[in-house]
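*Asks:* sharing a sequence plus its predicted fold:
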Amino acid sequence: MSLVSQNLAPRAIPLDLNLVFSVIAFTIAALMVASNLLVLLTARRREIGILRALGATALDVGVMVMTEALTLTVAGCILGYWPIRLLSTITLLSNRLSLVKVAALTLADFGAVLGLGLALAALFALLPALATTRLTCTEALRND
């Protein structure tokens, strides 16, 4: 009887929750970059219209938006990663892990965080950048 009940029991699927939480955290961060960028661009609509009237091309405006998004992402990665990593480094060193190994782990982790953060920010910033490049001078300078 127990043999039958063992075979009918649902099987557990091993799941790495750290990976799931990391994907959720990076997706939320990328969405925050996109929403903040939309708010910033809405506030700077008149400025963008003046730039377009003075001869800035759609490509110039798009590059400006993407540069701003990636700059904000780099700042967010630095400010979000290093304070927490400092605390974890103290813990790792107190566990008698070598300084070279801790430094290698720190740089590898920061590279992964920065690379994934920049990739997701670039992906999620495309929508605001494309919306801004389609904005004409008259639309931007019109009083709403």
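*Replies:* Yep, it's here. Numbers count the residues shown, from 1 in each chain.
*Asks:* excluding chain neighbours, what is closest to Ala30?
*Replies:* Leu120 (3.8 Å; CB to CB, 6 or more residues apart in numbering). Every C-beta, even on glycine, is put in place using the N, C-alpha and C of the backbone.
*Asks:* whoops, Val65 was the one
*Replies:* In space, and not counting its chain neighbours, Val65 is closest to Ala129: 4.2 Å by CB to CB, 6+ apart.
*Asks:* that neighbour contacts Met66, doesn't it?
*Replies:* Yes. Using CB atoms under 8 Å, Ala129 is in contact with Met66, at 5.4 Å.
*Asks:* which of those two has more neighbours?
*Replies:* A count of neighbours by other CB atoms under 10 Å puts Ala129 above the other of Ala129 and Met66, at 23 against 18.
*Asks:* which helix or strand contains the more buried one?
*Replies:* Using DSSP states H and E, Ala129 sits in helix 99-133.
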